[in-house]
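The following block contains a protein sequence and its predicted model.
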Amino acid sequence: AADKISLIPQDFFAELCEQIIQHLNHKIPGVNTVELCRRLQTSGIEISVGELAKITNAVSFLFSTAARNNLSTEDLVTTLGSAGSTLPKHAVQVIRHVWNEQSKSVSVSEDVGNMATVGQFVDMKWKLGVAVSSDTCRSLKYPYVTVTLNVADPSGQITDKTFEMTIPQFKNFFRQFKEMAAVLETV
């Protein structure tokens, strides 16, 4: 991951570190590596979502381990240097700055067994479509609903899950949501 970090400009890396800290503090459900990767690629940097996700996981592990061990900024930087770290200088500077500003606010649970093992809902988008024709049928006029869920997995990576439903499936989906809402009203 260190070789790919050198490709990331300092301002993008700082933004990534800030999002990781916010995620560790449970202020945001996860780091949107897809969006960050898109922005990096738009600015001409060749990096994949998978590579950015590995960097995110490594930096998240770094910050959470530093928080768990109550490391000061200098201890963290010294540890990075003594571990034979191949991190670029700008990355170490960003880590130093972010940790210096945010280390007191990072709270990491000691009980790993209590960590959520399911994803967390972030956002939902939907659209109604109509299939007009296909190669085997000239006139379908078949309506469907496409739903895209943004979900943060337990590590904080935000992914999209997209699926299509027929109108009867959507009506069943909607009915189940109404049932959940009714149950929540009684709580």
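Perfect, thanks for sending it.

Check which residues of stretch 19-39 are buried.
For stretch 19-39, a neighbour-count test (16 or more other Cβ atoms under 10 Å) marks 19-24, 28-34, 36-37 as buried. Any C-beta I mention is one placed from the backbone N, CA and C, and that applies to glycine too.

Tell me the one of the residues you listed nearest residue 148?
Using Cβ to Cβ, residue 34 comes nearest to residue 148 of these, at 11.8 Å.

For the closest residue to the closest one other than its chain neighbours, give me the pLDDT.
Using Cβ to Cβ, 6 or more residues apart in numbering and skipping the chain neighbours, the partner closest in space to residue 34 is residue 49 (5.6 Å). On the pLDDT scale, residue 49 is placed at 88.

same deal with the one 3 residues further on?
The predicted local distance difference test score for residue 52 is 91.

Report the contact partners of it.
Going by Cβ atoms under 8 Å, 6 or more residues apart in numbering, residue 52 touches 4, 16, 33, 36, 37, 40.

so it is in which element?
In this structure, residue 52 sits in helix 49-68 according to DSSP states H and E.

Got the domain ranges for this protein?
1-105, 120-185 (the TED database).

count of residues packed around the closest residue to residue 147 other than its chain neighbours?
Using Cβ to Cβ, 6+ apart and skipping residues adjacent in sequence, the residue nearest residue 147 is residue 126, 4.8 Å away. By other Cβ atoms under 10 Å, 11 other residues sit near residue 126.

in the strand or helix carrying residue 126, what counts as buried?
Secondary structure assignment for residue 126, by DSSP H and E: strand 120-131. Within strand 120-131, the residues that count as buried by 16+ other Cβ under 10 Å are 120, 122.
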